[in-house]
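# Provide a 3D model corresponding to the input given below.
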Amino acid sequence: MQKKNALGSIILTLTAVIWGTSFAFQRVGMESIEPITFTAARMLLASLAIWLTVFFIGRREGKNPPKRSPEEETQYRKNTIIGGICCGIFLTAASLFQQIGMTTTTAGKAGFITALYMLLVPIFNFILFRKKNTVLVWVGVLIGVVGMYLLCVKDGFMLTHGDTLVCICAVLFSGHILCCDYFTKYGDPIRIAAIQATMVCLISAAIAFFAEDPTWEKITSAAIPILYCGVVSAGAGYTMQLIGQKYTDPTIASLLMSLESVFAVIGGAVILHERMSGREVLGCAIMFAAILLVQIPVKPKNNAA
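You can find the predicted model right below:
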């Protein structure tokens, strides 16, 4: 079990690296295309890539079918479909609230408020499922919040209308993480990822045609960012998230995935040649310390008879 937990942590860390480096591509893409159109286009590529993966996995499973009874198989497929739809709705709503909120707040504040899902996930997990965390995990979460503040917030902190919308986004991302945690245990993570990507694509496309002016010229002008963010960031990233969460506690998973902000700053320095301030370096170091802290194994207490 510990090996699977370690594997899940590694997968989620790699997911954060992929998501973090995609910010540079997203910023370049936003220069020539509207945000919701960009989201719809990249999620179309993501859904195609994941469904292609599902096709090849299905062919392999046909030769070695899983050992489940007909009733278990029916329930497994039902959980997969419901899980994909629920995760897709949460992810779409969270992304839209974040995108709209960022129009009236700074990127740094939006990044910090969004990352508060690392604090909300264990709280909601306890309220809804009575799942307790160790003291080390709670300390790690609080340290992570401090690190994220140093990393993202540079000009003081006063709540605006946009910040309120991003707060809603953080709640929705918390719901998405908990939704993924639940359904990956009872359904197929890769097929859930495929259904999720399709949901986000369809909803985003419908909103884009209503609220923006999508054209083929705009899409082709941002082809490389859309390709990277679609196939790599969304296709591989969201699939890896669902696989990683299958073997990882949701609180630890939220901390690991919040590293995307750290890798976004590092990616900006490497790819876009942006300079990292001392405050940002300190924030990154504190975030990594928080991640190391929550990985420390804690022996369960022996209850004397």
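# buried ones in stretch 115-123?
Residues of stretch 115-123 classed as buried by neighbour count (16 or more other C-beta atoms under 10 Å): 115, 116, 117, 118, 119, 120, 121, 122. For the C-beta atoms, the positions are set from N, CA and C on the backbone; glycine is no exception.
# pLDDT on that stretch, on average?
Mean pLDDT, computed over stretch 115-123, is 82.
# buried stuff in stretch 78-98?
79-80, 82-98.
# extract the C-alpha set from it and format it as PDB.
Taking C-alpha atoms only, stretch 78-98 is exported to PDB below (Å, rounded to 0.1, in the frame of the first residue of the first chain):
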ATOM      1  CA  LYS A  78     -22.200   3.400 -13.800                       C
ATOM      2  CA  ASN A  79     -19.700   4.900 -11.400                       C
ATOM      3  CA  THR A  80     -17.300   5.800 -14.300                       C
ATOM      4  CA  ILE A  81     -20.000   7.600 -16.200                       C
ATOM      5  CA  ILE A  82     -21.400   9.500 -13.200                       C
ATOM      6  CA  GLY A  83     -17.900  10.300 -12.000                       C
ATOM      7  CA  GLY A  84     -16.900  11.700 -15.400                       C
ATOM      8  CA  ILE A  85     -20.000  13.900 -15.600                       C
ATOM      9  CA  CYS A  86     -19.700  15.100 -12.000                       C
ATOM     10  CA  CYS A  87     -16.000  15.800 -12.200                       C
ATOM     11  CA  GLY A  88     -16.500  17.600 -15.600                       C
ATOM     12  CA  ILE A  89     -19.200  19.900 -14.100                       C
ATOM     13  CA  PHE A  90     -17.000  20.800 -11.100                       C
ATOM     14  CA  LEU A  91     -14.000  21.400 -13.300                       C
ATOM     15  CA  THR A  92     -15.900  23.500 -15.800                       C
ATOM     16  CA  ALA A  93     -17.600  25.700 -13.200                       C
ATOM     17  CA  ALA A  94     -14.300  26.200 -11.200                       C
ATOM     18  CA  SER A  95     -12.400  27.200 -14.400                       C
ATOM     19  CA  LEU A  96     -15.100  29.700 -15.500                       C
ATOM     20  CA  PHE A  97     -15.300  31.300 -12.000                       C
ATOM     21  CA  GLN A  98     -11.600  31.600 -12.000                       C
END
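# related to what we said a few turns ago, now, which of the buried residues of stretch 115-123 lie within helices?
117, 118, 119, 120, 121, 122 (DSSP state H).
# contact partners for the residue lying closest to the fifth one once chain neighbours are set aside?
Spelled out, that is residue 121. Distances taken as C-beta to C-beta, 6 or more residues apart in numbering put residue 254 closest to residue 121, at 4.2 Å, once the chain neighbours are dropped. Residues near residue 254 by C-beta atoms under 8 Å, 6 or more residues apart in numbering: 117, 118, 121, 122, 174, 177.
# appreciated, that's everything.
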